[in-house]
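Trainee: Okay, here's the prediction I keep looking at, along with the sequence it came from:
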Amino acid sequence: MSTLVMKFGGTSVGMTTGLTQVLSIVLHEAERWDQLLLVVSALEGVTDALIEASHLAQLSNRRGYRRIAATLRTRHLALIEQLPLGPTERVSLQADVDRLLFDMLDLCQSLADRHGEKPNPEVIDSIIGTGERLSSRIVAALLRQNGLRGVAIDATDLIVTDNVYSNATPNLELTRERINELLAPMLERKIIPVITGFIASTVTGKPTTLGRGGSDYTASVLAVCTDAAEVWIWADVDGIMTSDPREVSDTQVIPLMSYDEAAELASFGARILHARMIGPLKRRRVPLRIRNVFKPQAAGTLVTAQPDNAAPSLKAVTSTRGLGLTAPHGGPIHQLAALVDETLFGVSGTHAGVTIAGQSSSHSFVCFVISTSAGSDALHNLQVALEERLPALPENDWTMMPVAVITVIGTRLDSLHSLTPGVLNALDGIRVLALAPGRSSLTLVVEPQRGEHTLRLLHQLILNSG
Ligand code: ASP
Ligand code: MG
């Protein structure tokens, strides 16, 4: 029995051109696999709008969140209007859009009514997960219209998580049980489930979400829990690139990567993959492909286990932000680390990702890398919250500064390998605040204003080394 899980991102499902591609890909793969599972993100930008609506609701700005709901309604209805659908599918989809946005408004209303009180985090997760509920219904209708047995499924019924709202982690055993019970019978009947990415629920059924970009994680969890042969992430770029094409020119596709390399790339800022999606795939050895929905004939990137004899090579460079702290002394940093972690968790629901530290007797430098799944305002919110809390530490002479965290990813980069001097030489005298080797990476912390330049220099090194 061969099972394939395919996830389609926000640009693929957000426009008719993308949806036409989605349809032709699904029609093609439906012939080649025994079972297909689809995972969809919200239409591009919709989750941002929903997060904004939940903020406005908490501020009791009724006009603000209603305006957002109205814009979302217009956008989804316009997309439905443009799709080649029969009248029955179209009318029932329009009704779905109205009902889902009505529910979302109801939840916003409940937040607005309780203005000033601490909001229920599951209400917020329910609001921000509306986008996937909308998009999954559109994709399922499109499949049905084209002779496939597409059924929209809310992952709140399938994926069981802990109660870390806005950044929850699935429990694979419980999820597998639900899947066996609810999804397996559908798959046997050749139904193609179109499952909402990003959203899930706790054991007691309270809505949760898996962190920004979490639809990838949904696909990985579903692949592992259905013993799928492969998982494919369909994006609007050619695969995993040597660097972020939005920041660096001349980027190239990386044809082959190991799980560790992909995980390091994602946890050091590459937005193409959700950082926590790789772990489950690596443990079960499920191959992952990242492909361009607009170029389905191209192979994209294959992420798989690394062969033992893999040759040393530099593959990619990422950039992300972190919070740096310095103090004019050495000594233990566990209280500082605990305070930062707790504060970050309070403002974003995420724990500090990687911590990079370096000390001498007269100087300490600690850098906390902020995961992209924490959202774009996490660093700022962390800084503001720490401003108040840092003075309470026994050693209260820490100075804060944002830093740029630049990570070179590659094979055999571990333990300051012989590739390291080349990386440092390429830096052209840029001051390095800290240096940390990983299993398949080398991370450099630099001043924020030097981040872009460092990224470009190291990208050039990678292209030259290839
Ligand atoms: N729609 C969610 C987000 O924007 C999840 C995803 O796209 O993967 O973060
Ligand atoms: Mg994504």
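Mentor: Noted; the coordinates are in hand. Ligands and ions are numbered 1, 2, ... in the order given.

Trainee: Report the contact partners of the nearest residue to Thr161 once chain neighbours are set aside.
Mentor: What sits nearest to Thr161 in space, not counting adjacent residues and going by C-beta to C-beta, 6 or more residues apart in numbering, is Ala168, at 3.6 Å. Every C-beta, even on glycine, is put in place using the N, C-alpha and C of the backbone. Residues near Ala168 by C-beta atoms under 8 Å, 6 or more residues apart in numbering: 161-162, 200, 202, 208-211.

Trainee: Separate out the buried members of those.
Mentor: Neighbour-count burial (16 or more other C-beta atoms under 10 Å) applied to the contacts of Ala168 gives 161, 200, 202, 208-211.

Trainee: just checking, what packs against the host helix or strand of Glu132?
Mentor: Using DSSP states H and E, Glu132 sits in helix 130-145. Packing partners of helix 130-145 (3 or more C-beta pairs under 8 Å, 6 or more residues apart in numbering; DSSP states H and E): helix 10-14, helix 16-32, strand 35-40, helix 46-58, helix 62-82, helix 87-113, strand 150-153, strand 192-196.

Trainee: quick one, which of these is nearest to Ala385?
Mentor: helix 46-58 (16.7 Å; C-beta to C-beta).

Trainee: So which bits of the closest one are buried?
Mentor: 46-51, 53-54, 56-58.

Trainee: So what touches it?
Mentor: In contact with helix 46-58 (C-beta under 8 Å, 6+ apart) are residues 10, 14, 41-42, 64-65, 68-69, 71-72, 75, 104, 107-109, 111-112, 115, 119, 124, 127-131, 134-135, 198, 212, 375.

Trainee: Selection in ChimeraX covering whichever of these are buried, please.
Mentor: Of those, the buried ones go into a single ChimeraX selection, burial set by 16+ other C-beta under 10 Å:
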select :10,14,41,42,64,65,68,69,72,75,104,107,108,111,112,124,127,128,129,130,131,134,135,198,212,375
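
Trainee: check the contacts of helix 46-58 against ligand 1, which are close?
Mentor: Subset of the contacts of helix 46-58 in contact with ligand 1: 10, 41-42, 131, 198, 212, counting by C-beta under 6 Å from any ligand atom.

Trainee: between those residues, which is closest to Ile409?
Mentor: Arg212 (21.0 Å).

Trainee: The closest one: which element?
Mentor: Per DSSP H and E, there is no helix or strand for Arg212.

Trainee: confidence score at it?
Mentor: The score at Arg212 is 92. That number is its pLDDT.

Trainee: again, but for Leu416
Mentor: For Leu416, the model assigns a pLDDT of 59.

Trainee: what residues does the stretch 351-466 of the chain put near ligand 1?
Mentor: Residues of the stretch 351-466 of the chain found near ligand 1 (C-beta under 6 Å from any ligand atom): none.

Trainee: how about the nearest residue to the residue of the stretch 351-466 of the chain found nearest ligand 1, chain neighbours excluded?
Mentor: The minimum distance from the stretch 351-466 of the chain to ligand 1, using C-beta to the nearest ligand atom, falls at Ser373 (8.0 Å). Nearest residue to Ser373, sequence neighbours excluded (C-beta to C-beta, 6+ apart): Gly211, at 3.3 Å.

Trainee: Please verify my assumption that that neighbour contacts Ala378.
Mentor: No. When contacts are counted by C-beta atoms under 8 Å, Gly211 is not listed as touching Ala378 (10.7 Å).

Trainee: Point me to the residue of the stretch 201-350 of the chain nearest ligand 1.
Mentor: Of all residues in the stretch 201-350 of the chain, Ser215 sits closest to ligand 1, at 3.2 Å by C-beta to the nearest ligand atom.

Trainee: ok, that residue - contacts?
Mentor: 7, 9, 39-41, 132, 197-198, 274.

Trainee: Distance check, the closest residue to it other than its chain neighbours against ligand 1.
Mentor: Spatial nearest neighbour of Ser215, excluding adjacent residues (C-beta to C-beta, 6+ apart): Gly197 at 2.4 Å. Gly197 is 5 Å from ligand 1, where distance means C-beta to the nearest ligand atom, to the nearest Å.

Trainee: Can you give me the neighbour number for Glu452?
Mentor: 15 (other C-beta atoms under 10 Å).

Trainee: so is it in a helix, a strand, or just coil?
Mentor: Here Glu452 is recorded as helix under DSSP: H, G, I helix; E, B strand; the rest coil.

Trainee: Verify the contact between it and Arg246 for me.
Mentor: No. Counting by C-beta under 8 Å, Glu452 stays clear of Arg246, with 11.6 Å between them.

Trainee: Enumerate the residues of the stretch 151-300 of the chain near ligand 1.
Mentor: Counting by C-beta under 6 Å from any ligand atom, the stretch 151-300 of the chain sits next to ligand 1 at 197-198, 212-215.
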